[in-house]
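A.B. asks: Provided below for reference: sequence and predicted model.
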Amino acid sequence: MPLPAKAFQLWLHRVAPSASTADICRISGIKRTTLAQQLVRGKVAETTLVSISRALDLSPLTELASFDHYAELGAPPQPPTPAELVSQVATMDLLRAVISRSSPAYGGYGDSDSASMRALSPAPHATSVRNWVDAIDDGELRHRVSAASGVAPQNYSAQLTANRLSPELVVATARAAGVGFTGGLVATGLITEDEAGWVPGAKQSALDALSDGELAALAGERLQALGKSLRRHEHEQAQTEKIWENLG
Amino acid sequence: MIAILQWTTLAVCGLLAAARVPSAVRGQNRSLFGIFVLMTFALALSIDVGYTALDSFLGGHNVANLLLRFVIYGAVMLAGYRIAKGFDSARSVWFIVGPIGMAVLAAVSVATVVPFLMANTAGTSTGLTHLPDQSPHNTDLIRLYTVAGRFYPSYVAACLLPPILGVLKRRILPRVVRAGAAMLLVGAVAMIVLSLSDMLPRSLAYLQYVISSTAVLGLAVGLALIWVGRVRAARKPLRR
């Protein structure tokens, strides 16, 4: 659920007492019309609060926690599990790790120049939301989230496919899985890894801790999912081409 | 009122056909131009002025009406084939131009030509509504002729319903294209309703003009919207 406009305005008055709405929009890069519309509707998006917090050099997580229904975010954050960290490694980085480990320098059979490893790209990545949920899912998670939040399973799945999840559902999912809240907030791109208080290099160490077998299996799953989505995209593209060819 | 509707429909189709001329000259999808031209011609023949002019030239035996029927069949078949193919429905293509489609067209053609030749059609009358010979035998023949003429478009329209509904469900497509498919759906449903409209009481017969105009406009505007979608898609690459 987005933030109530009233509470948001009180918050804004507290953190930036002298700033006008125009100032706030200018420093945070939010369009004035967007903010005005959210205020009129009485619902302010969490991303708006995060942008403003960043512009004012405040911690988005702490500020979000100052609102009633995000109060649980205020507790000392539970660090992400290794599986959550690995889920936030982009598929291409994961594949690079596979190749890198195959280098003779690590006793592998691959090319000698494949040992070089670039720094991991920052989260979120193209399928980070679904990968995060898969990483914490014990098989029953979606049912529990659906029961607790009242969101239909197919709507939940649709959000995952679109690589997004509302902050409210992120919190509900993390709670149902018994993990910390930061993993999902990072996976959905609401806050950065730094803002979540993740140790620099945490993702890399979690990735390094995977055995070769685990890494290969994980990379295989990711490749399979990628292949599926690329094929679907190509199919849709072909169908669109067909429309243009015959009716355009 | 009906005249305004008919002239508006004619103007819309005429403008669309004219707008398609540059693409047709470039050799781009000429069949779409063909569909619009045939539709414009058919509409011109549905209006008193156009009909009377052509029929008096053809001898005043309403041969122009027979011509109109076949122009409609041609336009409907061409549009149906293109839509089914564009919306990627091999099944509908087969039902429209495959053996069954051809058999239906042949049967409809026979059911159109034979009653026409048997009936006394002297005296130009747009839509054959006010023929001088109003004997029961003659009216029955004309009625059969009309029913056959409306059956073919509704057959093709029914074949197109599944692919059109399929396209409406595909969220990935540009909104204009789905709006076009929605207009095609309106047109197709109107064509089907038109062939059932003979059961309407005589006092509501004017509704037939409304329904047939809806069918034509739905088809024309739907095709035009999809065309707009292509033009827009060419300007910016397809969203990934």
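C.D. replies: Here it is on my side, so go on.
A.B. asks: tell me which residues in the top helix by length along chain B are buried?
C.D. replies: Longest helix of chain B, by residue count under DSSP state H: helix B:136-169. Using 16 or more other C-beta atoms under 10 Å in any protein chain shown as the test for burial, helix B:136-169 gives B:138, B:141-142, B:144-146, B:148-160, B:163-164, B:167-168. C-beta: built from backbone N, CA, C; applies to glycine.
A.B. asks: counting contacts, what elements does the lengthiest helix in chain A pack onto?
C.D. replies: Determined from DSSP H, the single longest helix within chain A is helix A:212-247. Helix A:212-247 sits against helix A:91-101, helix B:63-86, helix B:207-235, with contacts defined as 3 or more C-beta pairs under 8 Å, 6 or more residues apart in numbering or on different chains; DSSP states H and E.
A.B. asks: how about the residues of chain A near chain B?
C.D. replies: For chain A, the residues in contact with chain B (C-beta under 8 Å from any C-beta of the partner chain) are A:233, A:236, A:237, A:239, A:240, A:242, A:243, A:244, A:245, A:246, A:247, A:248.
A.B. asks: burial of the third one, as a residue count?
C.D. replies: Just to be clear, that refers to residue A:237. For residue A:237, the neighbour count with other C-beta atoms under 10 Å in any protein chain shown is 13.
A.B. asks: again with the last one
C.D. replies: Taking other C-beta under 10 Å as the neighbour definition, residue A:248 ends up with a count of 23.
A.B. asks: which residue comes closest to the spatially most central residue of chain A once chain neighbours are left out?
C.D. replies: The centroid of chain A falls nearest to residue A:187 when counting by C-alpha atoms, centre = their mean (1.7 Å). Of all residues not flanking residue A:187 in the chain, residue A:132 sits nearest, at 3.8 Å (C-beta to C-beta, 6 or more residues apart in numbering or on different chains).
A.B. asks: could you check how far that neighbour is from residue B:192?
C.D. replies: Residue A:132 sits at a distance of 49 Å from residue B:192 (criterion: C-beta to C-beta, to the nearest Å).
A.B. asks: when those two are compared, which one has more neighbours?
C.D. replies: Shown here are residue A:132 and residue B:192; by other C-beta under 10 Å, residue A:132 has more neighbours (30 against 20).
A.B. asks: the more buried one and residue B:172, how far apart?
C.D. replies: Residue A:132 sits 24 Å away from residue B:172, going by C-beta to C-beta.
A.B. asks: try residue A:56
C.D. replies: Separation of residue A:56 from residue B:172 (C-beta to C-beta): 39 Å.
A.B. asks: domains in chain A, as residue ranges please.
C.D. replies: A:3-74, A:82-208 (automatic domain parsing).
A.B. asks: out of those, which is the most enclosed?
C.D. replies: Compared across the domains of chain A, domain A:82-208 shows the largest average neighbour count, a mean of 18 (mean count of other C-beta atoms under 10 Å in any protein chain shown).
A.B. asks: write out the residues of chain B neighbouring chain A.
C.D. replies: By the rule C-beta under 8 Å from any C-beta, the part of chain B lying against chain A is B:29, B:32, B:82-83, B:85-88, B:167, B:170, B:172-173, B:177, B:223, B:226-227, B:229-231, B:233, B:238, B:240.
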